[in-house]
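Enquirer: task: produce atomic coordinates for the following.
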Amino acid sequence: MTEKVTPQPTVVRTSRGLSIAGRRLTLYSIMDYLQAGWPPHLIRDEFNLTDRQMTDVMTYIETHRDAVEQEYRAVLQRAEENREYWDTMNRQRLEHMAHTPTKPGQEKLRAKLQAVKARLGME
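Expert: Residues are numbered from 1 along each chain as shown. Alright, predicted model coming up:
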């Protein structure tokens, strides 16, 4: 008696969310490119996916569109909250550093840094 072999699914749920089996690539990353208007064949090439993987991903997204889009929006919301948190934390840290006196002997280094920032339009 021969045993029926079921193919391994391409889209699996991992600790990172919906991902491509055997890869650290989430569907949310692919969704970013789809939202930006990239065609599937260029996304496939960008992430070095096989034709089958890309087809399976697109089929999964289409079949589960509402759930995938809801998860994608939640991922984007968490990313925005993280960005805002770190912007706030870095702003506080940078303000603190700006008011910290220069250590003796670092004047030349600080002047060089300021010149580079000015040349790059960062100040």
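Enquirer: mind listing the strands in this protein by residue range?
Expert: When secondary structure is read from DSSP state E, the chain shows strands at 11-14, 17-20.
Enquirer: select the longest helix from the chain.
Expert: In the chain, taking DSSP state H as the definition, the longest helix is helix 65-98.
Enquirer: now it: mean pLDDT?
Expert: Across helix 65-98, the average pLDDT comes to 91.
Enquirer: how about the residue sitting nearest the centre point of the chain: what's its closest non-neighbour residue?
Expert: Centroid-nearest residue in the chain: Ser29, 6.3 Å away (criterion: C-alpha atoms, centre = their mean). The spatial neighbour of Ser29 that comes closest, neighbours along the chain excluded (C-beta to C-beta, 6 or more residues apart in numbering), is Phe47 at 7.6 Å. Every residue, glycine included, has its C-beta placed from N, CA and C.
Enquirer: verify the contact between the one you found and Leu25 for me.
Expert: Yes. Using C-beta atoms under 8 Å, Phe47 is in contact with Leu25, at 5.8 Å.
Enquirer: got a list of what the residue nearest to Ser29 touches?
Expert: Shown in contact with Phe47 (C-beta atoms under 8 Å, 6 or more residues apart in numbering): 25, 29-30.
Enquirer: how much space between the residue nearest to the centre of the chain and Trp38?
Expert: When C-beta to C-beta, to the nearest Å is applied, the distance between Ser29 and Trp38 equals 11 Å.
Enquirer: hmm, Arg13 is touching Ala21, no?
Expert: No. Using C-beta under 8 Å, Arg13 and Ala21 do not qualify as a contacting pair, with a distance of 10.3 Å.
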